[in-house]
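Colleague: Please work out how this folds:
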Amino acid sequence: MQIEMIKSAGGVFVPAFDHDLPRLAKFKNGEQYTLEAKLTRNPAFHRKAFALFNFCFQHWAADRAGLEHADEATQFDRFRKDLTILAGFYEQTVRLNGEIRTEAKSLAYANMEPDEFERCYSALVNAAIKHVFAGTKDQNIINQLYSFF
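Modeller: Modelled structure (predicted):
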């Protein structure tokens with residue numbers, strides 16, 4: 001399980017996104033767990049990218065992708081990966097049956113250099129404008145979208 005966390009005062013880690021709270025509920029208080037922590041690239045920029053994903057996700061309908069029965073965390077994860085693919089950051093492999101499988105590139109610090117992440121972020125904004133917000137006339141939404149430039 002991977003969950004983005006933020007270290008708070010007193011050394012306490014809290015989830016970066018509210019939709020991850022239910023996933024943490026299965027861990028019992030007072031029990032010991034082994035966790036592997038990785039520092040993300042420029043954390044502020046990484047948070048901005050995930051804020052963009054969250055903003056876009058709020059304006060996207062799960063029923064358009066056949067995920068209406070999936071939990072929110074699953075929907076968000078699929079949405080994030082699909083938007084990354086639409087932004088042009090993906091890898092393709094050929095399956096045993098000859099079909100091509102397309103998977104989103106990982107945005108993890110260890111898997112993407114900072115300059116590639118910057119290009120990816122710019123492409124994500126463009127993909128969101130084209131695929132999530134196409135035809136949007138609501139000036140409030142447009143102004144919020146401009147804040148990600």
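
Colleague: Look up phi and psi at the spatially most central residue of the chain.
Modeller: Nearest to the mean C-alpha position of the chain, counting by CA atoms, centre = their mean, stands Arg80 at 4.2 Å. For Arg80, the backbone dihedrals are phi -60, psi -50 (criterion: degrees, to the nearest 10).

Colleague: nearest residue to it other than its sequence neighbours?
Modeller: Spatial nearest neighbour of Arg80, excluding adjacent residues (CB to CB, 6 or more residues apart in numbering): Phe53 at 5.0 Å. Placement of C-beta: from N, CA and C, glycine included.

Colleague: about what we covered before: show the contacting residues for the residue nearest to the centre of the chain.
Modeller: Phe53, Phe57, Ala104 (CB atoms under 8 Å, 6 or more residues apart in numbering).

Colleague: State the distance from it to Glu68.
Modeller: 17 Å (CB to CB, to the nearest Å).

Colleague: What is the burial count for the residue nearest to Arg80?
Modeller: Phe53 has 20 neighbours, counted by other CB atoms under 10 Å.

Colleague: just checking, it is part of a strand?
Modeller: No: applying DSSP: H, G, I helix; E, B strand; the rest coil, one finds Phe53 to be helix, outside a strand.

Colleague: show me the contacts for it.
Modeller: Phe53 sits next to Phe76, Phe79, Arg80, Leu83, Leu124 when contact means CB under 8 Å, 6+ apart.

Colleague: Wait, the last one touches Ala87, no?
Modeller: Yes: look at Leu124 against Ala87 with CB atoms under 8 Å: they come within range, at 4.7 Å.

Colleague: can you list the contacts of Arg80 in CSV and add pLDDT and distance to Met5?
Modeller: Shown next, in CSV, are those (pLDDT from 0 to 100; distance: CB to CB, whole Å):
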residue, pLDDT, distance to Met5
Phe53, 96, 16
Phe57, 92, 19
Ala104, 97, 21
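
Colleague: Check these against Pro22 and report the nearest one.
Modeller: Using CB to CB, Phe57 is the member of the contacts of Arg80 that sits closest to Pro22, with 16.1 Å.
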